[in-house]
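# okay, predicted coordinates and the sequence, questions at the end:
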Amino acid sequence: MSRVINFSAGPAALPLEVLEQARADMPDWQGSGMSVMEVSHRSKAFVAVAEEAEADLRELMNISDDYAVMFLQGGATLQFALLPMNLSAPGATIDCLLTGSWSKKAASEAGIVRSVNIAADGAASNYTDVPARDTWNCDPNAAYFHYAPNETIGGVEIHAPPEVGDVPLVADMSSTILSRPVDVSKFGAIYAGAQKNIGPAGLTLVIMRRDLLERAPADLPKIMRYKSHADGGSMLNTPPTFAWYLAGLVFKWIARQGGIDAMGVQNQRKADLLYGAIDASNFYANPVARAYRSWMNVPFTLARPELDSEFRAQAEASGLTNLKGHRSVGGMRASIYNAMPETGVRALVDFMAEFETNNA
Ligand code: PMP
């Protein structure tokens with residue numbers, strides 16, 4: 001077997017141990033003579049898996065019973081639309097912080113449903129920096145405040161939740177969830193597509209303070225209503241059972257690594273290693289303001305952009321894959337989520353040094 005070192009932004013690398021467990025389970029799961037994909041979501045055995053995954057997530061993230069945890073479909077993108085539909089009434093305003101592509105997309109979708117107040121916009125820095133908190137123009141009566149703690153494309157991460165008073169804070173954590181400790185009690189809602197730090201695509205986590213579940217207008221169909229999903233144990237209809245099961249294996253893997261505190265230590269070390277190598281060189285550069293550099297997605301450029309494709313070809317040949325920057329940015333991007341071991345980042349840094357020596 002040969003596994004590459006996969007820097008994909010998502011769907012992203014999964015821990016090998018998890019894949020091997022899934023392979024071992026595949027044909028005859030728990031002695032059932034079936035795979036987990038072939039059993040009813042309402043069977044006792046699957047419900048136990050679903051409940052255990054939720055309990056493990058609650059323990060990892062220290063989520064209190066004041067919050068509902070939902071295992072949904074539709075991706076983070078569906079939540080861009082469902083959040084304004086559920087959490088705000090006609091006439092209400094939603095505060096949005098713009099720090100890059102994903103928070104802009106979320107604001108644009110919210111703007112179709114309600115009026116949006118742009119509290120601050122990083123456009124002036126081309127989204128390489130976040131406007132200082134004292135320049136934000138927040139609406140104290142906003143239904144909620146939306147932001148993306150980690151911009152997957154631009155590699156801009158807000159390392160601590162912003163202070164927004166009594167307005168519920170809603171965070172798209174798609175590319176940062178489970179990467180470090182977070183105080184869930186500071187949030188009204190947290191959501192994340194699974195395909196980076198949670199498991200396979202097709203599953204979306206939504207963690208929502210229970211009082212906010214009550215806000216949905218009466219004319220919202222059940223399938224679009226968070227409260228129905230929460231009340232129905234995320235089994236209003238058939239959930240993505242395999243992805244839910246696999247997420248459960250990932251939660252157990254994170255616990256075995258020492259939990260989220262340990263992940264945070266490891267992720268910071270990995271990020272420091274890569275940014276350190278970039279900063280120490282005159283050949284590579286990262287455009288993001290230091291205070292907002294992402295621990296998860298590290299975009300970088302070469303001093304000689306005409307060598308971009310050669311860099312990627314040689315990287316591929318060395319087993320370092322999916323380093324191409326997002327099509328909207330160009331250059332490179334190394335996504336170093338939880339499942340990327342420090343040895344993987346070290347291999348990239350060594351490759352970068354060698355490429356620089358040969359080409360600078
Ligand atoms: N938000 C962020 C921060 C993302 O990185 C992504 C996907 N890369 C999305 C939203 C969209 O997620 P999905 O494809 O699950 O709808």
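Great, that's in hand. Numbering: from 1, shown residues only.
# need the residues of this structure near the ligand, please.
Within the chain, the positions near the ligand by CB under 6 Å from any ligand atom are 10, 75, 76, 77, 102, 148, 152, 172, 174, 175, 193. To be clear about C-beta, it is placed using only N, CA and C from the backbone, and glycine gets the same treatment.
# local confidence estimate at the second one?
The predicted structure scores residue 75 at 98 on the pLDDT scale.
# which residues does the closest residue to it other than its chain neighbours bridge with?
Distances taken as CB to CB, 6 or more residues apart in numbering place residue 193 nearest to residue 75, at 4.8 Å, with adjacent residues excluded. Beta bridges link residue 193 to residue 204 when assigned by DSSP bridges.
# which residues sit in contact with residue 193?
10, 75, 76, 77, 174, 201, 203, 204 (CB atoms under 8 Å, 6 or more residues apart in numbering).
# tell me which residue of the stretch 151-300 of the chain lies closest to the ligand.
Residue nearest to the ligand within the stretch 151-300 of the chain (CB to the nearest ligand atom): residue 193, separated by 2.8 Å.
# so the nearest residue to residue 222 once chain neighbours are set aside versus residue 86, what's the distance?
Sequence neighbours aside, residue 228 is the residue nearest to residue 222 in space, at 4.3 Å (criterion: CB to CB, 6+ apart). The spacing between residue 228 and residue 86, counted by CB to CB, to the nearest Å, is 10 Å.
# comparing those two, which residue is more hemmed in?
With other CB atoms under 10 Å as the criterion, residue 228 and residue 86 differ in neighbour count, and residue 86 comes out ahead with 25 against 16.
# for the nearest residue to residue 30 once chain neighbours are set aside, grab phi and psi.
Nearest in space to residue 30, with sequence neighbours left out and distances taken as CB to CB, 6+ apart, is residue 45 at 6.0 Å. Dihedral angles of residue 45 (phi, psi; degrees, to the nearest 10) stand at phi -70, psi -40.
# so how far is residue 11 from residue 45?
27 Å.
# circling back to that earlier point, buried ones only from the contacts of residue 193, please, as a PyMOL command.
Only the buried entries of the contacts of residue 193 go into this PyMOL selection, using 16 or more other CB atoms under 10 Å:
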select buried, resi 10+75+76+77+174+201+203+204
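# farthest pair in the contacts of residue 193?
The most widely separated members of those, counting by CB to CB, are 77 and 203 (13.5 Å).
# roughly how far apart are residue 80 and residue 206?
12 Å.
# that older thread, could I get the residues of the chain next to the ligand as TSV with secondary structure and distance to residue 221?
Listed next are the residues of the chain next to the ligand as TSV, based on DSSP: H, G, I helix; E, B strand; the rest coil; distance: CB to CB, whole Å:
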residue	secondary structure	distance to residue 221
10	coil	29
75	helix	19
76	helix	20
77	helix	18
102	helix	26
148	coil	27
152	coil	30
172	strand	23
174	coil	25
175	coil	30
193	strand	22
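# looking at these, spot the one nearest residue 121.
Nearest to residue 121 out of the residues of the chain next to the ligand is residue 148 (CB to CB; 13.0 Å).
# give the contact list for that closest one.
Residue 148 touches 99, 100, 102, 103, 106, 171, 172, 174, counting by CB under 8 Å, 6+ apart.
# surely the third one is in contact with residue 149?
No: when contacts are counted by CB atoms under 8 Å, residue 102 is not listed as touching residue 149 (10.3 Å).
# need the overlap of contacts for those two.
By CB under 8 Å, 6+ apart, the residues touching both residue 102 and residue 149 are residue 172.
# out of these two, which sits in the busier spot?
Taking other CB under 10 Å, residue 102 and residue 149 do not tie; residue 149 has more neighbours (29 against 22).
# how about the more buried one, what does it touch?
Residue 149 touches 157, 158, 161, 171, 172, 173, 176, counting by CB under 8 Å, 6+ apart.
# on that earlier part again, need the per-residue pLDDT for the residue nearest to residue 75.
Residue 193 is given a pLDDT of 98.
# equivalent analysis for residue 343, please.
Residue-level pLDDT assigned to residue 343 equals 98.
# so how many other residues sit close to it?
Counted with other CB under 10 Å, residue 343 comes out at 10.
# so which elements touch the strand or helix carrying it?
Element membership for residue 343, per DSSP states H and E: helix 342-359. With contacts taken as 3 or more CB pairs under 8 Å, 6 or more residues apart in numbering; DSSP states H and E, helix 342-359 sits against strand 5-6, helix 259-280, helix 308-317, strand 320-321.
# which elements pack onto the last one?
Counting contacts by 3+ CB pairs under 8 Å, 6+ apart, strand 320-321 packs against strand 5-6, helix 342-359.
# mind checking which of the ones you listed is nearest residue 318?
helix 342-359 (5.4 Å).
# buried residues in that closest one, which are they?
Residues of helix 342-359 classed as buried by neighbour count (16+ other CB under 10 Å): 344, 345, 347, 348, 349, 351, 352, 355, 356.
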